[in-house]
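In: Dropping a prediction and its sequence here:
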Amino acid sequence: MKQFFIVVLLLCAMHAQSQATTPTLKSILLEQLRTTHNVKDWFVPADSAIAGLTAEQAMWKDGSDNHSIAQLTTHMIFWNAQILSKFKGEKPEAFNGDNKETFSGVDEKTWPETIQQLDKVLTEIEKAVEAADENKLKEWYSTIAHIGTHNAYHTGQILYIRKMKGWWNDERGVK
């Protein structure tokens, strides 16, 4: 798994170099965070993946143990908030260790708030990384890389559901 992240970091570094800047650990991590949040690059970011969904669509389940888009979104919010709190030296929200509980539901009223919460926590992580010094980033680089990869993984699941249900417009994707 560590080799995977080295490859990801090297690819990000190569991309950053093609932009005529010398990559730094901070610039590589920020690029990964931003492309899994709200910058279209090689794949669709989370904000585009959930944009335009109604609460009814977000709550749709296939009748199995698979998660809804809303549950995937709340799960991403939970883990990003956990990492952000720890990164900032704060006490994270209480967690009993049951990951299933991080996939919580929403309703018509809370879905718009959920969309805003995801954007807010992803923006706050980016700001925290931007403000961090090199030593802190050296301690946290693996965790930050993992959270970006985790977000990309669940964003892919969201897009799969949208495409399967006919709720995705390919014009909103990456060309």
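Out: Sure thing, it's come through.
In: Check which residues of the strand or helix carrying residue 28 are buried.
Out: Per DSSP states H and E, residue 28 falls inside helix 25-35. Of all the residues in helix 25-35, those buried under the rule 16 or more other C-beta atoms under 10 Å are 25-35. For the C-beta atoms, the positions are set from N, CA and C on the backbone; glycine is no exception.
In: and of those, the nearest to residue 76?
Out: residue 33 (12.6 Å; C-beta to C-beta).
In: Make sure that closest one is actually in contact with residue 143.
Out: No. With contacts counted by C-beta atoms under 8 Å, residue 33 stays clear of residue 143, the gap being 11.8 Å.
In: Helix 25-35 and the strand or helix carrying residue 145, what's the angle between them?
Out: Applying DSSP H and E as the criterion places residue 145 in helix 134-165. Inter-element angle recorded for helix 134-165 and helix 25-35: 20 degrees (by axes from the mean of the first three to the mean of the last three C-alpha atoms, to 10 degrees).
In: and helix 134-165, what other elements does it pack with?
Out: Judged by 3 or more C-beta pairs under 8 Å, 6 or more residues apart in numbering; DSSP states H and E, the packing partners of helix 134-165 are helix 2-18, helix 25-35, helix 46-50, helix 69-87, helix 111-131.
In: Recalculate using a threshold of 10 Å.
Out: If contacts are counted by 3 or more C-beta pairs under 10 Å, 6 or more residues apart in numbering; DSSP states H and E, helix 134-165 sits against helix 2-18, helix 25-35, helix 46-50, helix 55-59, helix 69-87, helix 111-131.
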